[in-house]
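>>> no sequence on this one, just coordinates:
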């Protein structure tokens, strides 16, 4: 195995171990806060049952039921947009299907109960909404209550009838409820953590695409502007280059000349290389975060608080500190490798 590859794997394992250890400590720190609160043992069990879908059989039942409610809510929203399920009132205007309204109200009631229950048993109420999953729960129900408020204001004051358009926009925000599935899916949580910590790679990907789109759009415009009605402007060529470099290929605009087809071929091949290089880095991070989430879930499911918190769950401290020492040795080794070149550089400058 090459030294660079071995060093990369060591760093990845180190990050996975240390981060998982810190997250486990944070989890047990939150659980320890219940010991100083009234009814702490009961509230801790409720907290574990609501926040950890795989902790016990009741928590799994609640998790499955919550997933079904989310999927049912999304399904009714999609069916409500279909003409086959559209109902008209006496004036010929579309109105909500009572069956869909029943499902919607039941879903909102469950989501509200779920959020309030988690808030009541949270170990730290002041920092409850700092957690991304709790913010998603709030955003999933907030449009419904804002829509009710806007409808009441619009009915009481005809001058504010334009607020109805705002209510329509808020109804479309119900699609964000699909993000609630992240609480019950390790893959979705890992994906969110990957995107959060891969902004440099994503920026690199967008930069590569921007450079490629700008280059090939100008080439396509120069070659096809006189013979192709779809490529008569550079902005129109941006669309064609974006579709080609991402290998989507709608086919709505295609080059006709031989030079244009050769340019398109080069654009597609460049797009494959441009997309693959940063995606590899992002995939490595996703694998790392997925491994961390699995380790954290195993630690949560194996915890036992029946007699209070006596010790942190079994974590291989030897490996933890071994990775720390190994990281220090790698840093010192890199410094020693760079020192001769720095010394020679200083001599050349002198």
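Arrived safely, thanks for sending. These numbers were taken from a predicted model, which means no experiment stands behind them.
>>> all helices of the chain, in order?
Using DSSP state H, the helices of the chain run over 3-32, 40-51, 57-80, 98-120, 132-156, 163-172, 186-196, 199-224, 234-245, 258-301, 317-349.
>>> Check what pLDDT the closest residue in space to residue 193 that isn't next to it in sequence gets.
The shortest distance from residue 193 to any residue other than its chain neighbours is 4.4 Å, reached at residue 289 (C-beta to C-beta, 6 or more residues apart in numbering). For the C-beta atoms, the positions are set from N, CA and C on the backbone; glycine is no exception. You'll see residue 289 listed with a pLDDT of 82.
>>> what about residue 289, how many neighbours?
Close neighbours of residue 289, defined as other C-beta atoms under 10 Å, add up to 23.
>>> which residues touch the spatially most central residue of the chain?
Centroid-nearest residue in the chain, with C-alpha atoms, centre = their mean: residue 192, separated by 2.8 Å. Applying C-beta atoms under 8 Å, 6 or more residues apart in numbering, one finds that residue 192 lies in contact with 132, 182.
>>> Can you tell me how far it is from residue 179?
Look at residue 192 and residue 179: by C-beta to C-beta, to the nearest Å, they are 9 Å apart.
>>> mind showing which ranges of this structure have poor pLDDT?
Along the chain, segments meeting pLDDT under 70 span 1-24, 92-94, 154-168, 299-350.
>>> For the nearest residue to residue 136 once chain neighbours are set aside, the count of nearby residues, please.
Spatial nearest neighbour of residue 136, chain neighbours left out: residue 179 (4.8 Å); criterion: C-beta to C-beta, 6+ apart. Residue 179 is flanked by 18 other residues according to other C-beta under 10 Å.
>>> From what I see, residue 179 and residue 135 are in contact.
No - under the criterion of C-beta atoms under 8 Å, residue 179 makes no contact with residue 135, lying 9.7 Å away.
>>> quick one, phi psi at residue 124?
Residue 124 has phi and psi values of phi -140, psi 100 when expressed as degrees, to the nearest 10.
>>> Pull up the gap between it and residue 201, please.
33 Å.
>>> These two: which is more packed in?
Neighbour tally, residue 124 and residue 201, criterion other C-beta under 10 Å: the higher count belongs to residue 201, 20 against 11.
>>> Just confirm that one contacts residue 282, I think it does.
Yes - in this structure, residue 201 sits in contact with residue 282. The criterion is C-beta under 8 Å, and the distance is 5.1 Å.
>>> The residue nearest to residue 136 and residue 105, how far apart?
21 Å.
>>> can you pull the contacts of the residue nearest to residue 193?
When contacts are counted by C-beta under 8 Å, 6+ apart, residue 289 is found next to 190, 193, 194, 197.
>>> cool, and residue 240?
Taking C-beta under 8 Å, 6+ apart, one finds 217, 220, 230, 231, 253 in contact with residue 240.
>>> if we go to 10 Å?
Neighbour list for residue 240: 213, 216-217, 220-221, 224, 228, 230-231, 250, 252-255, 264, 267 [criterion: C-beta atoms under 10 Å, 6 or more residues apart in numbering].
>>> same deal with residue 227?
Neighbour list for residue 227: 255, 256, 257, 260 [criterion: C-beta under 10 Å, 6+ apart].
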